[in-house]
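Novice: what follows is a predicted protein model with its sequence.
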Amino acid sequence: MKYHLISLGCQMNLSDTERVKTVLHELGFSPTENENEASILGVIACSVRQKAIDKVYSRIAKWNKLKNRKNLITFVSGCILPSDNERFLKLFDLVFPMSELPQLPEMIRQYGVVSPAGLLQNDDSLHKEAYTPAKKENGSVLFQDFVTFQKPSQPKLNPGKDIDQFWHVEPTYTSDFEAFIPIQNGCDKFCSFCAVPYTRGREVSRPSHEIIEELKVLVEKGYKTITLLGQNVNSYGLDKKGDEIGFAELLRQIGEFGNSTQQEFWVYFTSPHPRDMTDEVIEVISQYKCLGKQIHLPVQSGDDKVLMRMNRKHAMDKYRHIVQTIRKLIPEATLFTDIIVGFTGETEEQFENTRLAMEEFKYNMAYIAQYSVRPGAASSRWEDDIPQEVKKERLHKLTQELMKHSLQYNKALVGKTVRVIVRGRDRKEGFLSGHTEGKLVIRFASDDQSLIGQFVDLKINSASPLSLEGKLVHVEATAD
Amino acid sequence: MSRRGLGFRAGQHILLGKAGSIHNREYSVYSGEQEDFFEVLIKEVDEGLVSKQLKKSKAGDLMQIEGPLGFFTIEPELIEKGKFLFVATGTGIAPFHSFVKSYPSIDYTLLHGVRYAEEAYEKSSYNHDRHILCTSGDNQGNFNGRVTAYLTKNPVSPDTHCYLCGNFQMIHEVFDLLEKQGVPPENVHAEVYF
């Protein structure tokens, strides 16, 4: 029997989806892209953006129609605001926080749909308790009921609280050469434009020994790029108040492992928060070969007052210090960022400060978003008062600024030979595409698909604003 | 509220809602770190949901609290040797009340901006030389005018550690003034109330 899974939102959701797949595979289900042939239809949702939530409503409307002609189960999990959670209860059969993923098999069994899962012998003592799932008016079930039995059904206020058991589920990696490792869940920063603290709950750090173990296994399997994931990766460990190592030490331990193995790999992390970025983290990155020399440092705005309104908890001087330290200790590092233009109340002068920040920091890549109200975020209580045309124009100006600096940087690389991880076929016929250690996109002429997932050396022969083109000069014989 | 061992640093906030409700809001802690009870200052919002729910609470009702959270705190090494300016509008005075209760010897000046003097909260909690009630709607406070007008007439020295809490219009205006008066941005800390 088959399942169809839709993952919406950020890399955290993609990473979570890899674990959901494992649970479904262990139940005997296989994936299908065709929702008409699936018996289980699931969404890993994202309440952080309205568009993503709109997609959930559109899918479930269609899936509920499919129920008229076949027996199937629908579920939703992921990054969900309590208010959306309440609505989903009326639409989906199963609604559960990601922290309760390990109990999904039990939930499916209890639901009583004929499936490989339903036919499995039920040995768990939990399952033997006489319990009739408390379906809602329309038949939906909040999974929290299953584990608590007598508790009134209600969405969790801190959905990430029991995330530990989720991390014990082995992921079904989407790629065989690049992987995500979640190191933390939730967020304590409460940026006013963001709803993540309300959907994922408070920051919880995953035990470091589990992270290191997962990383070692991946490297031994031949994975080439590994990204440590979290909403604020560099506040890793702070929630444990001294009972866990900090982010710099975690990186150091990864670096030491990198030095001890013959395998070549690059480790990245996303996203850090400037407030918790220490000089020590930058020092450690500079000291170890396997720690990718690319830093994604969201600035969001270059204006101190806008940063205050965004509740970012740092001023531009702090950000400037971090960038100066990066430039000093890791001059070869590339710098990426996130920016929001047209945030509530952003004046021309404040926007100009952001443009000046782009000029100053010369980013290699910037993910620039026009501000849109995110339901549940604190700023949703303010008027979205910057006209769409103004936002568009500001986005355009910053994009031009980005292209200018990126082109200048890329041109300086022409003639140099760089190490590249080949990631797949390029859109251009007869070319493969990959990225450098600094995550600069590069393509080269080759039809040899066996290179995908391998490190190669490319001599750069041309540069564009956001990409490079090179010529294959060397393919490393790999151990795997 | 009974504290039940909940630790916090003055200036932090909690997420508070009625037990069993999915709705909660951020409120700064009003009481001091050493007090054996726990207080927050809540303004009833006309179109609000949580503040109205909380207003109906009775003694004995259960509350759901998450936290403490936030970084609007004072570095311990600065408490005894720093000079502080606290600027609040409305219920934005809550974290400053907590600062003053927690650190009785702190060297501070508190500007509290309200429309009418009757909107002041527990003036007696503060040393009257350090508490300046700025009233824009009457002249019953210590200064008739907004906090920005007071600051314009009474500039601060650049080495002052400034903490601003309240609506963002006030925060922006005060930020600009402090910048003009030579206070570096890293000495200005803000907690925006929505």
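Specialist: Now that the structure is in, tell me what you want to look at. All of these numbers come straight from a predicted model, not from anything done at the bench.
Novice: quick check: residues of chain B near chain A?
Specialist: B:15, B:17, B:20, B:22-24, B:26, B:64, B:66, B:69-71, B:168, B:171-172, B:175-176, B:184-186, B:188, B:190, B:192, B:194 (Cβ under 8 Å from any Cβ of the partner chain). For the C-beta atoms, the positions are set from N, CA and C on the backbone; glycine is no exception.
Novice: the residues you listed in strands, which ones?
Specialist: If you go by DSSP state E, the residues of chain B next to chain A have B:15, B:17, B:26, B:64, B:66, B:69, B:188, B:190, B:192 in strands.
Novice: wait, A:K293 touches A:E437, no?
Specialist: Yes - assessed by Cβ atoms under 8 Å, A:K293 is found in contact with A:E437 at 5.5 Å.
Novice: one step back: buried only: go through the residues of chain B next to chain A for me.
Specialist: By neighbour count, with 16 or more other Cβ atoms under 10 Å in any protein chain shown, the residues of chain B next to chain A hold B:15, B:17, B:22, B:24, B:26, B:64, B:66, B:69-71, B:168, B:171-172, B:175, B:185, B:188, B:190, B:192 as buried.
Novice: is the nearest residue in space to A:T199 that is not next to it in sequence in a bridge, and if so with what?
Specialist: Excluding its sequence neighbours, the residue lying closest to A:T199 (Cβ to Cβ, 6 or more residues apart in numbering or on different chains) is A:C79, at 4.1 Å. Counting by DSSP bridges, A:C79 is bridged to A:C46.
Novice: wait, what's in contact with A:C79?
Specialist: A:C79 makes contacts with A:9, A:12-13, A:45-48, A:196, A:199-200, as judged by Cβ atoms under 8 Å, 6 or more residues apart in numbering or on different chains.
Novice: who wins on neighbours among those residues?
Specialist: A:A45 (30 neighbours; other Cβ atoms under 10 Å in any protein chain shown).
Novice: for the chain, what are the low-confidence residue spans?
Specialist: Answering for chain A, as no chain was given. For chain A, applying pLDDT under 70 flags the ranges A:112-161, A:476-480.
Novice: try again with chain B
Specialist: Applying pLDDT under 70 to chain B flags residues B:194.
Novice: what residues does chain A have near chain B?
Specialist: Contact residues, chain A versus chain B (Cβ under 8 Å from any Cβ): A:82-83, A:85-86, A:152, A:154-155, A:157-158, A:188, A:190, A:192, A:202, A:275, A:304-305, A:308-309, A:311, A:313, A:315-318, A:345, A:378-379, A:381-382.
Novice: if we can go back for a sec, in CSV: the contacts of A:C79, plus distance to A:R423.
Specialist: Formatted as CSV, those follow (distance: Cβ to Cβ, whole Å):
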residue, distance to A:R423
A:G9, 21
A:M12, 20
A:N13, 20
A:A45, 27
A:C46, 24
A:S47, 30
A:V48, 26
A:V196, 28
A:T199, 30
A:R200, 28
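Novice: next step: these restricted to strands.
Specialist: Members of these lying in strands (criterion: DSSP E): A:45-46.
Novice: check contacts around the closest residue to chain B within the stretch 201-350 of chain A.
Specialist: Distance from chain B to each residue of the stretch 201-350 of chain A (Cβ to the nearest Cβ) is smallest for A:A315, at 4.0 Å. By Cβ under 8 Å, 6+ apart, the residues touching A:A315 are A:304, A:307, B:185-186, B:188.
Novice: not counting its neighbours along the chain, what's nearest it?
Specialist: B:P185 (4.0 Å).
Novice: check whether that neighbour really touches A:Y319, as I assumed.
Specialist: No - the pair B:P185 / A:Y319 is not scored as a contact, 10.8 Å apart, by Cβ under 8 Å.
Novice: spatially central residue for chain B, please.
Specialist: Nearest to the geometric centre of chain B sits B:I93, at 2.8 Å (Cα atoms, centre = their mean).
Novice: bridging residues for the closest residue to that one other than its chain neighbours?
Specialist: Spatial nearest neighbour of B:I93, chain neighbours left out: B:H112 (5.3 Å); criterion: Cβ to Cβ, 6+ apart. On the basis of DSSP bridges, B:H112 is bridged to B:A88, B:L133.
Novice: how many residues are close by B:H112?
Specialist: So B:H112, with other Cβ under 10 Å, has 27 neighbours.
Novice: that one contacts B:A88, correct?
Specialist: Yes - taking Cβ under 8 Å as the definition, B:H112 is a contact partner of B:A88 at 5.1 Å.
Novice: tell me how far B:I74 lies from chain A.
Specialist: Per Cβ to the nearest Cβ, to the nearest Å, B:I74 is found 14 Å from chain A.
Novice: I should have written B:E80 there, sorry.
Specialist: 24 Å.
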